[in-house]
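Chemist: Structure for this input, please:
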Amino acid sequence: STYEYVTINPSEWGITDQVSNQVKKMTPVDYLSAVEESALIALRAKASDKIVAAIKASDLTEKKTGVALDADYLKNIVLGFRAIKTKGAVVLYLAQADLLTLGKVRGANEKKALFEIYQRKFGPFRERREYLVAHPEEVEAVLQAGAEKARAQARITLTAARQAAGLD
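Modeler: Numbers count the residues shown, from 1 in each chain. I've put the predicted structure just below:
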C-alpha cells in the first residue's frame with residue numbers, strides 16, 4: 001500500500017490552561033512538572049485540531065462505505081498501516097461512528113462484543129478509579145500514611161548514617 005501525507009506548516013500557537021489550586025502544596029519542581037504536563041496536554045489538543053483540519057482540507061480523506069468493519073478488516077488495516085521513516089509515526093483517526101461500529105466486533109473465541117469483553121476485564125478498575133476521584137480524602141489519607149512510613153524509615157536511616165559518620 002502507498003500512503004500520502006499532509007504537511008503541517010509550523011506557526012506559533014497560543015495555548016492556555018489551568019492548574020489545580022493544589023499547586024500551593026507542591027514543591028517548585030513538582031509545580032514546574034505539573035505546569036509542563038498541563039501545557040503539553042493543551043498543546044497536543046491544539047496540534048490535534050490543526051492536524052485534523054489540515055487532513056479534512058486535503059484530498060487525503062477517503063470515506064469507506066459498505067465496508068464490513070470486522071476483525072479481518074481491522075487486521076488488514078493494522079498490517080498495512082506502516083510509518084514512513086522520514087515522515088514520523090503514523091496515526092489513524094476514527095470518527096465516533098467508527099468507534100461504535102468497532103464495539104460490534106466480536107472476540108475471536110467469544111460471542112460477546114469486544115466492548116463487553118473490555119468492560120468485564122477493566123470495569124472494576126474504572127469503578128475503583130471513579131470511587132477514588134469522588135473520595136479524594138481517602139487518597140490523601142493513604143498518601144499521608146505512606147509519607148509517615150517513609151519519614152520513619154528516613155529517620156532510622158539518617159540516624160544510622162550519622163552514627164556511622166561519627167556525627168552523633
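Chemist: Would you map the helices across this protein?
Modeler: 28-57, 71-80, 96-102, 114-134, 136-165 (DSSP state H).
Chemist: between those, which gets nearest to Thr7?
Modeler: Closest approach to Thr7 among those (C-beta to C-beta): helix 28-57, 8.0 Å. In this view, the C-beta of every residue, glycine as well, is placed from N, C-alpha and C.
Chemist: Pull out the buried residues from that closest one.
Modeler: 42, 55 (16 or more other C-beta atoms under 10 Å).
Chemist: what mean pLDDT does stretch 157-168 have?
Modeler: Mean pLDDT, stretch 157-168: 89.
Chemist: now do stretch 21-28
Modeler: On average, stretch 21-28 scores 80.
Chemist: Can you tell me what sits against that stretch?
Modeler: Stretch 21-28 has contacts (C-beta atoms under 8 Å, 6 or more residues apart in numbering) with 31, 34.
Chemist: got a list of what the residue lying closest to Ala54 once chain neighbours are set aside touches?
Modeler: Take Ala54 and drop its neighbours on the chain: the residue closest to it by C-beta to C-beta, 6 or more residues apart in numbering is Val6, 4.8 Å away. Residues near Val6 by C-beta under 8 Å, 6+ apart: 51, 54-55, 58, 60.
Chemist: CSV for those, including distance to Pro124?
Modeler: Shown next, in CSV, are these (distance: C-beta to C-beta, whole Å):
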residue, distance to Pro124
Ile51, 35
Ala54, 40
Ile55, 37
Ser58, 43
Leu60, 41
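Chemist: Go through those and name the one nearest Arg162.
Modeler: Looking across the contacts of Val6 and measuring by C-beta to C-beta, the closest to Arg162 is Ile51, at 56.8 Å.
Chemist: Appreciated, that's everything.
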